[in-house]
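Q: sequence? don't have it. structure:
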């Protein structure tokens, strides 16, 4: 039995960001409708927090079944701030395996890093469509604050530009050169101005504030941010101060189990200060029309799409189908 | 970067059962010593118990890091009693991915079904070495009762024969023809007699009783089995009656978290009748010399090696190293 193999470059050829935003939207709808199965990811700690082994990395196993593509798969993906960083390799390492869920045969193995980066941007864009634009497909103007001008800063902007006209980005990065590079790279994607900020406070302004950093410093303060803002703390650690999370009008997540155990909510959840009851609902429920945020001009919304395997597997499913049609990729007979 | 690809046939070429028993023993020792990291596996239900999707299958994600090979990996493996069974394909479907844990690069993708089958046999053999033979490498005579004469019946016997002289096997299978075939296949592996049994009760006799069935019927009754016996209920469901589990002198498992949630103990664990406190210890603790069972001639020992990703990843690590040495396998550049 032949298994399709796709490299990162081959996967890249198959998609525009527009495609990926559409796939993520359908998959969020499937989440809300119950046709997407996505168990809580399982973490293998390779020294990210544990003392042994001492490799400053981790890997997350993220299996999912996608009703609307009728394919199941798993992404195994991680990051490494040790030797990998020292060698100048990209932070994310990832491979995806797909099966035909009816028979259980392995139909594809492909790179997952490109898909991870793209879908992480797309998730934010789709969430904003349902929170900030009431589910409308009409392109509304939007102003953004952005923390982190690396790969994710780029893909977040790219994805949001598919669904909105970006009027302004205020960007902050601990390395100012990265923010300057972002400004150059994104000049055709952002319709309005890109303002490179010298201090974190200056970037805390906009309809949405997106944090894509590896910070553990709680740098984004509640008192800086006006009511009527949607805040996306997307990092694996702690980017907002506790007040931001405790005072939020509504907390919206992609996956309740995962969001309570990793990322922005993990610390307060462990302390028992934030529980499942404090979560207003999921992006899936919004996308499926089961829930709506209403007017939030007097409060703030914290939205955390921590990242689900479902998004990756959905994109990979479509990559598999497109590659088969176009005759792209290698093959190997594992059995 | 080139990733090694190995098919089932290529993996088969690299190993004898003796090799796999040795690898599993070292890995159990690593478990006991704390140099093997093995999070609880995560299940994706594709209709094994859930109503949707309706495919009568499941997939388990089993990541692990192996200290003594210094490789991390994940096995994604499952079974399917629907379309897969109807097509006459083997029950197990599985693929393994390995990374260099220091950098996070994917070094290999290989079939996992052969490894799964072999290591499942090897686990029992190693457990018996420490329970029935006090850790000695000297081949002691052993008598076995065996339920299930399929693939697993064969590999269990093969693995046990590496560490013991098998004096008798009493085998029962719901399909008598399977038991007859087993008798023919195993005649050179089993030194003594193979007795094909007409009823389950007749097979409930020996130094060890191994159940490798897909039964949910609790067919093995406590009252049939003499004190001084080690019972291995290896299936995913319920093979022993409750009395067997409740009255056991000692319960020994490979992985406490996993064994309380799947297989023989799952039902009583869910009912709160068996908890972590009822588990005497792990095979890893026995293999590392941190625990010993002592004399159990007056009681029964229930041993449940439900199966850990660590065993698969350890075997796959060695497959990778051997294949690189020998120049076996394909390659693909995913990134």
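A: Alright, I've got the coordinates. Please read all numbers here as calculations on a predicted model, not as lab measurements.
Q: only C-alpha atoms from now on, for both contacts and neighbour counts.
A: OK.
Q: off-centre distance for the worst-scoring helix or strand of chain A on mean pLDDT?
A: In chain A, no helix or strand scores lower on mean pLDDT, DSSP states H and E than helix A:256-261, which sits at a mean of 92. Relative to its chain's centre, helix A:256-261 lies at 14 Å (Cα atoms, centre = their mean, to the nearest Å).
Q: hey, where'd the helices end up in the stretch 201-335 of chain A?
A: Secondary structure of the stretch 201-335 of chain A by DSSP state H, counting those that start in this stretch: the helices cover A:242-247, A:256-261, A:266-270, A:283-287, A:309-326.
Q: need the winner for burial among these.
A: By mean neighbour count, with neighbours taken as mean count of other Cα atoms under 10 Å in any protein chain shown, helix A:283-287 ranks first of these at a mean of 26.
Q: hang on, the earlier thing: name the residues that touch the least confident helix or strand of chain A?
A: A:40-41, A:253, A:265-266, A:269-270, A:275-276, A:279, A:282, A:304, A:306 (Cα atoms under 8 Å, 6 or more residues apart in numbering or on different chains).
Q: same thing but 7 Å
A: A:40, A:253, A:265-266, A:269, A:306 (Cα atoms under 7 Å, 6 or more residues apart in numbering or on different chains).
Q: ok, now stretch A:99-111?
A: Contacts for stretch A:99-111 (Cα under 7 Å, 6+ apart): A:3-8, A:71-73, A:94-98, A:320, B:55, B:80, B:83-84, B:93, B:334-335.
Q: what of stretch A:291-305?
A: With Cα under 7 Å, 6+ apart as the criterion, stretch A:291-305 contacts A:123-124, A:131, A:227-234, A:248-254, A:285-286.
Q: nearest to chain B, of the contacts of helix A:256-261?
A: Checking those against chain B by Cα to the nearest Cα gives residue A:40 as the nearest, at 7.9 Å.
Q: and that closest one, how far from residue B:69?
A: 28 Å (Cα to Cα, to the nearest Å).
Q: more neighbours: those two, which one.
A: residue A:40 (21 against 18; other Cα atoms under 10 Å in any protein chain shown).
Q: now do the contacts for that one.
A: Contacts of residue A:40 by Cα under 7 Å, 6+ apart are A:257-258.
Q: show me what the helix or strand hosting residue A:179 packs onto, helices and strands only.
A: Per DSSP states H and E: residue A:179 is located in helix A:176-185. Counting contacts by 3 or more Cα pairs under 7 Å, 6 or more residues apart in numbering or on different chains; DSSP states H and E, helix A:176-185 is packed against strand A:193-196.
Q: for chain A, what lies in contact range of chain B?
A: Residues of chain A lying close to chain B by Cα under 7 Å from any Cα of the partner chain are A:6-8, A:39, A:42, A:44, A:55, A:61, A:63-64, A:80, A:83-84, A:93, A:101-105, A:110-111, A:333-335.
Q: which single residue in the stretch 1-150 of chain A comes nearest to chain B?
A: residue A:7 (4.0 Å).
Q: pLDDT score assigned to the nearest residue to residue A:127 once chain neighbours are set aside?
A: Distances taken as Cα to Cα, 6 or more residues apart in numbering or on different chains put residue A:283 closest to residue A:127, at 6.0 Å, once the chain neighbours are dropped. Looking at residue A:283, its pLDDT reads 98.
Q: quick one, what contacts residue A:283?
A: Residue A:283 makes contact with A:28, A:127, A:252-254 under the criterion Cα under 7 Å, 6+ apart.
Q: do the same with residue A:133
A: Neighbouring residues of residue A:133 by Cα under 7 Å, 6+ apart: there are none.
Q: which SS state does it fall under?
A: coil (DSSP: H, G, I helix; E, B strand; the rest coil).
Q: so what touches stretch A:270-277?
A: Residues from elsewhere that reach stretch A:270-277 (Cα under 7 Å, 6+ apart): A:268-269.
Q: and it, end to end?
A: First-to-last distance for stretch A:270-277 - Cα to Cα - comes to 14 Å.
Q: what are the buried residues along that stretch?
A: residue A:274 (16 or more other Cα atoms under 10 Å in any protein chain shown).
Q: how far off centre is that stretch?
A: So, by Cα atoms, centre = their mean, the centroid of stretch A:270-277 is 22 Å from its chain's centroid.
Q: what mean pLDDT does that stretch have?
A: What stretch A:270-277 shows for mean pLDDT is 96.
Q: which residues does residue A:211 form a beta bridge with?
A: Using DSSP bridges, the beta-bridge partners of residue A:211 come out as residue A:147, residue A:233.
Q: wait, it sits on residue A:236?
A: No: judged on Cα atoms under 7 Å, residue A:211 makes no contact with residue A:236 at a distance of 10.5 Å.
Q: ok, now how distant is residue A:148 from residue A:237?
A: 14 Å.
Q: looking at those two, which one has more neighbours?
A: residue A:148 (23 against 19).
Q: which residues touch residue A:115?
A: Residues near residue A:115 by Cα under 7 Å, 6+ apart: A:312, A:315.
Q: three-state assignment of it?
A: helix.
Q: cool, residue A:165 as well?
A: Going by three-state DSSP: residue A:165 is strand.
Q: how far away is the spatially most central residue of chain A from residue A:211?
A: When Cα atoms, centre = their mean is applied to chain A, the residue found nearest the centroid is residue A:120 (2.5 Å). Distance of residue A:120 to residue A:211, computed by Cα to Cα: 12 Å.
Q: returning to that earlier point: redo the contacts of helix A:256-261 as a markdown table? Include distance to residue B:177.
A: Below are the contacts of helix A:256-261 laid out as a markdown table (distance: Cα to Cα, whole Å):
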| residue | distance to residue B:177 |
| --- | --- |
| A:40 | 43 |
| A:253 | 55 |
| A:265 | 58 |
| A:266 | 56 |
| A:269 | 57 |
| A:306 | 53 |
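Q: and the residues you listed, which is closest to residue A:17?
A: residue A:306 (19.0 Å; Cα to Cα).
Q: and that closest one, how far is that from residue A:127?
A: In terms of Cα to Cα, residue A:306 sits 12 Å off from residue A:127.
Q: the more surrounded of the two?
A: Using other Cα under 10 Å, the more surrounded residue of residue A:306 and residue A:127 is residue A:127, with 30 against 23.
Q: now do the strand or helix carrying the more buried one: distance to the chain's middle.
A: Residue A:127 is part of helix A:113-131 when elements are defined by DSSP H and E. Here the centre of helix A:113-131 is set off from its chain's centre by 5 Å, with Cα atoms, centre = their mean.
Q: can you check stretch A:307-319 too?
A: With Cα atoms, centre = their mean, you get 12 Å for stretch A:307-319.
Q: which residues sit against that stretch?
A: Outside stretch A:307-319, the residues that reach it (Cα under 7 Å, 6+ apart) are A:11, A:14, A:20, A:23-24, A:27, A:38, A:62-66, A:69, A:71-75, A:115-116, A:119-120.
Q: need the pLDDT of residue A:26.
A: Reported pLDDT for residue A:26: 98.
Q: could you give the angle of the strand or helix carrying it to helix A:113-131?
A: Per DSSP H and E: residue A:26 is located in helix A:17-33. Counting by axes from the mean of the first three to the mean of the last three Cα atoms, to 10 degrees, helix A:17-33 lies at 60 degrees to helix A:113-131.
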